[in-house]
Every structure is written in C-alpha cells, then in structure tokens.
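[1] kindly generate the corresponding structure for this input.
(chains A and B)
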Amino acid sequence: MAAKRHVIVGGGTAGWNAITAIREADKGASEITLVADEAPYARMVLPYYLGRQIGETHVLTAGPQRLAALKVTTRLGRRAARVDAAGGKLILDNGDEVPYDDLLIATGSSAVRPPVPGADGAGVHSFWTLPQARAVSGGIQPGARVAMIGAGFIAFTILNALVARGARLTVLEIAPRILPRMVDDAAARIVQAWLEERGVAVRPGVQVTAIEDAGGAKRVRLKAGAPVEADLVIMATGIRPNLEWLKGSGVEVKAGIVVDARMRSSVPNIYAAGDVAEGPDRVTGAKAVHAIEPTAVQHGRVAGANMAGREVAYPGSLLMNIVDVLDLEIASFGAWDDAKAEAFEDLLPGRPSYRKLLFRGGRLVGAILLGRTREIWATNDVGMLKGLVYTGKDLSAWKARLKARPQDIRLAYLATGTAKELLPQTLLGGPSVPERDVTVNA
Amino acid sequence: MRVLKIIPERCTGCMRCELACSYEQTGTFQPSKAVIRVSSFEGHTSYAPYTCPQCAEAWCLTACPVEAIGISPAGAKEVMDDICVGCKLCTIACPYGTVFYDPDSHKAFKCDLCGGKPACATVCPTQAILYVEAGTEDWLGSFAAERALPGALAGVR
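    The predicted structure follows:
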C-alpha cells in the first residue's frame, strides 16, 4: 500500500502541532507536505522579540533541519490558491498541483486595517507576522512617539516591549473601553488607570478618520478631539481568518470552517484547525471560532492524530486570554461577558485588583482575574480558576461562599475533586510527548 | 515513576515543605516562590500541601509556544529557563493551578521534583509527603471535602 499523503496548509501553531501529532502516531510512515507562505515560527513570542529579550532564532521554532528530520516535504513561499476536493488536490498560487489523501487547512489569520485614508501609508504598521514585527522593531528609537490604534489583546501583548524600548505611547480605541473583547467595564477602568499612572496615554471611544504625513512624522486624525502626532503608527485593529481562497471548494464555511469533534470539515478528508476552524466550545457546546493560541495547539494535535488514523474526539476549546501589562496581570476565561449569568464581583477600592465569577446555576461558566503580578493572592490561582471553568464542576454548595469571597476559590477547587476529574483526561488518549522528542524511524 | 504522594491526615501545618521548596528552587526562604503550597481548613486544625501532579496530559508542556517545557529524567515536567520567554500561556493552560510566573525572573516556574530528590518530602517531619513509586492521584479531594465548609462564612464582610 502506498504511503498516505498528508498535506498541511499553513505552518503556524495549528499546522506545526498537527505535523508533530502525525509523526508521534506514525513515526514517519506517511508523506507530509507542508505548504506555507512563510517558514514556520512561533507568532506568540514576537512581542518578546520586539522587546529584544530574544533574538529571531528563538522565534523560528521549526527550521529546515527539524522539518527534514520529521520527514516533512516543504513548499515554502507558496500560497494555496484553491482546493479541488473532488480531484483530491491542492492548487498552489504558481499553478502547481499537490495531490493529497487528506488535507489540513491551518491558514490562520491576517491582520486587518479599517478603511481609513492613509491606513496603508508608510510608517503605518501591523504587528502580526515576523516581517511586520521586524518593521516595527526597526522603526522604534528611544523617545519615539507611537500611536497604537486598537486596544485589544494583540495591542496589549506588545505594550511592555514598546515601553521597554523607550517609546512614548498613545493608545486609541474605537470601543468605549479598552480590551473590549477580553474584560468588562470595571476591569477596563482599572487597566486604563494603571497605564495612565505609568505614562501611557489611553483614549477609548475615539474614531480614527485619517492618517496623514506630517513633516516626517504621522498625524492621526480623530472624529472628535485633537489629532495625535506620532513617529510610528501601529494598527492593532483585529485579525480575520484566511478563508477567501476556499470559495467554491465545497467546504462549509460560516464564521470559520465548520468542523466536527475530529476536526473534519464538511468534506470528510479535509480537516481544519486553529483560527480558521469553527469547532466545539467547551462551555456553550456550540460551534465557535476561538482565534487563540491554546485552541490552535489543541485543534492541531487532534486533527493530526485523526489524520494519522486514530479516533480522537475533541472535548472542546475554552476561550481564554492572559496578558501582563507593566506588571498588571489580566486574564479572562470562558463566558466572562455572559449578560445572563449570575455575577459575583470583588473589587477592592483603590487597589488594582478585581475578580469576577460568572455562574449559570451551579456551574462557573466564566471568570475575570486582575491583579498586580507580584501579589500572589490575586494572581496565583489563575490555573485553578481555569480548572473550575474547564471542568464545569457543580459548585452549588459553594456559591454563597464564593459570592462573599470571589477570590477564595482554592478550597472549593480542592473539595470538589476537580483534580480527580482532570487526572484521567488526556487529549490524545495517552501521556503527552514533548514535541522535541518526536522522532521518525530511519 | 516516583511521585509526590501526599497524606494530608499527617500534615501539621509546619510549612517546612514550602520553605525547603523555595530554598531549593530559588536559594531563598520565600514561601511565595514555593511550588508546593499548604492550604489550611478553617474550623479545623487541618492543613494540606498541594503541588503539581505531573499529569499525563502535561497541559503546560503542550501549551508552550517555544517548547520550553520538557520532561526531566525524574519524569517531571520542567521549565527550561533559557527558552522560556514568560508569556504565561502555561499558567492558564494548567487546570491544576500549579504553574506560576516569577515576576523577578520573568519566567514560568513549577515543581520539577528537585531533579529526583524533592526537598519537600525530605524535610517533612511527619511523612505527610512521600516520594514513592505510585500512580498520581487527587490526594486532597476527600480530605478537603470532609473539612471545607462551603456555606459557613458567618462574619465575612
């Protein structure tokens, strides 16, 4: 029997995890072809590259030698142009055809910019890919004025690096609060005050109308209020999954490629993973796109294991984010914005700490955590909070106590046997193997 | 493999495990830097240490974007400081609450079984922490369920 031909489109987190999961299962028995317009790297650590804590080699996690050692054939620098699902082949942007037995679509997302005059001008950057990170890094001098348009998670991951590089920052956000898709109003107010106390100008509720050249610098015009002058403009105005190329392929696409618990699309031998996949949500049970790194890892592993012939059902992804901005830790889990949930809040006046627990009946469905990174009472149970939301443990008996003291989750975690429930659970049905230990037979 | 087996009934709350752990891990006696943590149960003279179960799923390890977490010869999931960038993804991936972030080193840290000679087990005066060949379990669940008082919070705010 001929070796099975797996084709992976996209070398980001999801694609890379699928490759290692396939090799962990088949030890090199199949053919893997990776099609990607960029060499694989860890996007998640680009902020640390910008902050000069690590060099570029640290970002490039899967170089040519490593891919060769895993018996991966690469078609790098090429994009997938379309899928011929009936013919079982991928057509590349140069017209080359790559036949497959099964295909993984892991094409990730691209940064998007609003249709504002000047948004594509010189000195205006996105921060999403390695080349974009290089460009931003090269444009920053100590004392440089940086206008950050957008105050979402991506923007927040690079605030530390920009401040460390000596930038003078102004953050502009169209929504009425910063981090609008990660935390609620109360948390956003604390974060804003924290940033302002540390010299970062924060202006939520402003709409950018144009970005102009201003004598070697840039001028960001706003619908109301004084314009912002800057040496560098970063547009952190969201990402969009790379799906356009699938039009007419027969693969069902809603917000993302709709996948089942094995990460298969509507076409059985086409899988999807990561930002492009609309998979099961752990809390709601519905299908959702969770464009976050942890979901990309799990999607990729589950897709890879199934492509390698195993039967692995994905229990669903938990929406979660964590970011540390100038030593303030901000995290949220699950349905943190569920307006119909019963919410218990703990807000200490005058202190940058906040906890919110959201319940549906006896189940913790979401949470927000905010506190100084140094204050272990505020931040060190972040993993337990995740465990309680992830398992959906029945906390009915604990609700009165958690209402009075939302910070005090530790005993509820221990006494409800959360660890007992978690210990037998493994994503791929056995102990995880470090990716660096995955090898193929000679 | 050998694991840290915890027998909470034997714990007297002396906190030597936290001190020894932080000393072994960081060179300072600083319980906030310990990766084994003792909980107390109000209304009882009861205490119980809790630490990483070295779970099979290894949530921290699979979550790391730069493969900075490996498995040591002792079988512990171990953070490699020279590779860790401090992104904290492992701290929210771990559903046991046993991966932490060190604001001084800007790295993640967790129980590494002290390279096969765990200080907490060595110093425990009542053998409440044993380093033995066993399957990992939820050592605290039933003990905590007997003692924790979910409703009883008279006088709290």
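
[2] who are the packing partners of the host helix or strand of B:S142?
    Counting by DSSP states H and E, the element that carries B:S142 is helix B:141-147. Counting contacts by 3 or more Cβ pairs under 8 Å, 6 or more residues apart in numbering or on different chains; DSSP states H and E, helix B:141-147 packs against helix A:410-415, strand B:36-41, strand B:46-51. For glycine as for every other residue, the C-beta is placed from the backbone atoms N, C-alpha and C.

[3] rerun that using 6 Å as the cut-off
    Packing contacts for helix B:141-147, counted by 3 or more Cβ pairs under 6 Å, 6 or more residues apart in numbering or on different chains; DSSP states H and E, involve helix A:410-415.

[4] report the mean confidence score over the helix it packs on.
    Confidence for helix A:410-415, expressed as mean pLDDT, is 95.

[5] immediately after that helix, which helix or strand?
    Criterion used, DSSP H and E; the element after helix A:410-415 is helix A:418-422.

[6] that next one close to chain B?
    Yes - contact of helix A:418-422 with chain B (Cβ under 6 Å from any Cβ of the partner chain) involves A:419-420, A:422.

[7] buried subset of the residues you listed as a PyMOL selection?
    To isolate the buried members of those in PyMOL, using 16 or more other Cβ atoms under 10 Å in any protein chain shown:
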select buried, chain A and resi 419+422
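
[8] now the residue nearest to A:R219 when sequence neighbours are not counted, what's its secondary structure?
    Closest residue to A:R219 apart from its sequence neighbours, by Cβ to Cβ, 6 or more residues apart in numbering or on different chains: A:E212 at 4.7 Å. Three-state call for A:E212 (DSSP: H, G, I helix; E, B strand; the rest coil): strand.

[9] what does A:I154 give?
    A:I154 ends up helix, using three-state DSSP.

[10] again with A:Q425
    coil.

[11] what about the spatially closest residue to A:L328 that is not a sequence neighbour, how many neighbours?
    Closest residue to A:L328 apart from its sequence neighbours, by Cβ to Cβ, 6+ apart: A:W194 at 5.0 Å. The number of residues packed near A:W194 is 19, by other Cβ atoms under 10 Å in any protein chain shown.

[12] roughly how far does A:W194 sit from A:A188?
    Applying Cβ to Cβ, to the nearest Å, the value for A:W194 to A:A188 is 11 Å.

[13] quick one on the thing from earlier: what distance do you get for the residue nearest to A:L328 to chain B?
    15 Å (Cβ to the nearest Cβ, to the nearest Å).

[14] could I get the pLDDT score of that residue?
    The predicted local confidence for A:W194 is 97.

[15] let me see the contact set for the residue nearest to A:Y354 when sequence neighbours are not counted.
    The spatial neighbour of A:Y354 that comes closest, neighbours along the chain excluded (Cβ to Cβ, 6+ apart), is A:L370 at 4.1 Å. Contacts for A:L370 (Cβ atoms under 6 Å, 6 or more residues apart in numbering or on different chains) come out as A:187, A:330, A:354.

[16] can you list those in CSV and add pLDDT, neighbour count and secondary structure?
    Formatted as CSV, the contacts of A:L370 follow (pLDDT from 0 to 100; neighbours: other Cβ atoms under 10 Å in any protein chain shown; DSSP: H, G, I helix; E, B strand; the rest coil):
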residue, pLDDT, neighbour count, secondary structure
A:A187, 97, 26, helix
A:I330, 97, 25, strand
A:Y354, 96, 24, strand
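
[17] what's the closest of these to chain B?
    The closest of the contacts of A:L370 to chain B turns out to be A:I330 (Cβ to the nearest Cβ; 10.3 Å).

[18] I'd assumed A:V323 was in contact with that closest one.
    Yes - between A:I330 and A:V323 there is a contact under Cβ atoms under 6 Å: 5.3 Å.

[19] per-residue confidence at B:V99?
    98.

[20] and for it, the neighbour number?
    Residues near B:V99, counting by other Cβ under 10 Å, number 27.

[21] now do it against chain A, distance only.
    Relative to chain A, B:V99 is positioned 6 Å away (Cβ to the nearest Cβ).

[22] report the contact partners of that residue.
    Applying Cβ under 6 Å, 6+ apart, one finds that B:V99 lies in contact with B:60, B:90-91, B:108, B:110.

[23] neighbour-wise, which of those residues leads?
    Within the contacts of B:V99, most neighbours by other Cβ under 10 Å means B:C90, with 30 neighbours.

[24] so that one, which of the three states?
    Taking three-state DSSP as the rule, one finds B:C90 in the helix state.

[25] that one - nearest residue in space that isn't next to it in sequence?
    Excluding its sequence neighbours, the residue lying closest to B:C90 (Cβ to Cβ, 6+ apart) is B:C60, at 3.9 Å.

[26] also B:A58?
    A:S432 (4.2 Å).

[27] I believe that neighbour is in a strand; please confirm or correct that.
    No - assessed with three-state DSSP, A:S432 is coil; it does not lie in a strand.

[28] where does the prediction get shaky in chain B?
    Applying pLDDT under 70 to chain B flags residues B:151-157.

[29] ranges for the strands of it?
    Ranges of strands in chain B, per DSSP state E, are B:2-6, B:36-41, B:46-51, B:69-71, B:77-79, B:99-102, B:107-110, B:129-133.

[30] include distance to B:V123 when you put those into TSV, please.
    Converted to TSV, the strands of chain B look like this (distance: least, Cβ to Cβ, whole Å):
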stretch	distance to B:V123
strand B:2-6	13
strand B:36-41	11
strand B:46-51	11
strand B:69-71	25
strand B:77-79	21
strand B:99-102	20
strand B:107-110	19
strand B:129-133	9
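
[31] quick one: which of those is nearest A:L169?
    Ranking the strands of chain B by proximity to A:L169 (Cβ to Cβ) places strand B:99-102 first, at 23.3 Å.

[32] partner strands of the closest one, parallel or antiparallel?
    Strand partners for strand B:99-102, identified by DSSP bridges, are recorded as strand B:107-110 (antiparallel).

[33] work out the gap between the strand it pairs with and the centre of the chain.
    Relative to its chain's centre, strand B:107-110 lies at 12 Å (Cα atoms, centre = their mean, to the nearest Å).

[34] and the biggest helix by length in chain B, what does it pack onto?
    What stands out as the longest helix in chain B, according to DSSP state H, is helix B:16-26. Helix B:16-26 is packed against helix B:119-123, with contacts defined by 3+ Cβ pairs under 6 Å, 6+ apart.

[35] list the buried residues of the helix it packs on.
    Judged by neighbour count (16+ other Cβ under 10 Å), helix B:119-123 contains these buried residues: B:119-121, B:123.

[36] residues in chain A within reach of chain B, list them.
    For chain A, the residues in contact with chain B (Cβ under 6 Å from any Cβ) are A:42, A:44-45, A:48, A:54, A:61, A:294, A:297, A:320, A:322, A:373-374, A:376, A:381-384, A:386-387, A:390, A:397-398, A:400-401, A:404, A:410-411, A:414-415, A:417, A:419-420, A:422, A:426, A:431-432, A:434-436.
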